[in-house]
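Asks: can't give you the sequence, but here's the structure:
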């Protein structure tokens, strides 16, 4: 257990790309400006998730204007981009990327 200012935990969430609502489960006690936090809890924003192969492909496509929203607008249905990105992330982990 650690005691930290609320602002520090919020800053860590931003820095490590975690949503505040997902992190609140690791808060054991709220003492106003300070929080008692269980840093061993799975919800604690301990590290940044490294981008996987699918995340890299999605970022590259987005950089040239090909986004999930645009694909769905063109095809008129959900595109399945998230499933493909996860499959590429899994493949990337197997071959040592991400």
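Replies: Done, it's in. Since this is a predicted model, take the numbers as computed values, not measurements.

Asks: what about residue 21, neighbour count?
Replies: A count of nearby residues for residue 21, using other C-beta atoms under 10 Å, gives 9. Just so you know, the C-beta spots here come from the backbone N, C-alpha and C atoms, and that holds for glycine as well.

Asks: what are the phi and psi values for residue 28?
Replies: phi -90, psi -40 (degrees, to the nearest 10).

Asks: in the protein, what residue spans correspond to strands?
Replies: 2-5, 27-31, 34-37 (DSSP state E).

Asks: now the ones you listed as CSV including mean pLDDT and distance to residue 74?
Replies: Shown next, in CSV, are the strands of the chain (pLDDT from 0 to 100; distance: least, C-beta to C-beta, whole Å):
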stretch, mean pLDDT, distance to residue 74
strand 2-5, 92, 46
strand 27-31, 93, 43
strand 34-37, 94, 45
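
Asks: contacts only, for the nearest residue to residue 53 once chain neighbours are set aside.
Replies: Spatial nearest neighbour of residue 53, excluding adjacent residues (C-beta to C-beta, 6 or more residues apart in numbering): residue 92 at 2.9 Å. Neighbouring residues of residue 92 by C-beta atoms under 8 Å, 6 or more residues apart in numbering: 52, 53, 54, 56, 98.
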